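Undergrad: got a structure for you, letters missing:
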């Protein structure tokens with residue numbers, strides 16, 4: 001039985017935008033460890049489910065899909081959003 005984790009996409013640390021951070025992702029756990037390819041040295045495995053990521057609008061929709069398809073899942077709670085209030089004058093203190 002495949003195992004999956006359901007989590008909310010975090011904000012990209014390299015940009016200030018919050019596009020698509022309200023979506024929930026269902027991602028399968030890897031079944032086997034990655035190993036280096038003898039020819040190229042790139043890491044890879046024969047597990048193709050690691051390439052599958054499904055997006056859902058709500059957590060309930062992701063849970064319903066996993067239950068309907070018989071997928072065991074773990075819900076990873078969304079990180080708490082911290083608001084850092086700062087004024088321009090704080091740069092000169």
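TA: Perfect, I can see it now. Computed from a predicted structure; not experimentally measured.
Undergrad: show me the contacts for residue 32.
TA: Residue 32 makes contacts with 45-47, as judged by Cβ atoms under 8 Å, 6 or more residues apart in numbering. C-betas here are computed from N, CA, C, even on glycine.
Undergrad: can you give me the strands for the protein?
TA: Shown for the chain, the strands assigned by DSSP state E span residues 3-8, 24-28, 35-36, 43-44, 53-56, 72-75.
Undergrad: what does the fourth one rub up against?
TA: Contact partners of strand 43-44, identified using Cβ under 8 Å, 6+ apart, comprise 34-37.
Undergrad: Going by neighbour count, which of the contacts of residue 32 are buried?
TA: Listed as buried from the contacts of residue 32 is no entry at all; burial here means 16 or more other Cβ atoms under 10 Å.
Undergrad: Go through those residues and name the one nearest residue 83.
TA: Taking Cβ to Cβ as the measure, residue 83 lies nearest residue 47 of these, at 39.4 Å.
Undergrad: Just list the residues touching that closest one, thanks.
TA: 30-32.
Undergrad: Against residue 30, how distant is it?
TA: Per Cβ to Cβ, to the nearest Å, residue 47 is found 6 Å from residue 30.
Undergrad: And for residue 58?
TA: 26 Å.
Undergrad: likewise residue 39?
TA: Residue 39 is 22 Å from residue 30, by Cβ to Cβ.
Undergrad: now residue 10
TA: Taking Cβ to Cβ, one finds residue 10 at 20 Å from residue 30.
Undergrad: ok, now residue 56?
TA: Counting by Cβ to Cβ, the separation of residue 56 from residue 30 is 21 Å.
Undergrad: Give me the more crowded residue out of these two.
TA: residue 56 (17 against 12; other Cβ atoms under 10 Å).
Undergrad: Do you know the pLDDT at the nearest residue to the more buried one once chain neighbours are set aside?
TA: Closest residue to residue 56 apart from its sequence neighbours, by Cβ to Cβ, 6 or more residues apart in numbering: residue 62 at 4.1 Å. As predicted, residue 62 sits at a pLDDT of 96.
Undergrad: Test my guess that residue 62 contacts residue 5.
TA: No. Contact status for residue 62 versus residue 5: not in contact, 10.2 Å apart, counting by Cβ atoms under 8 Å.
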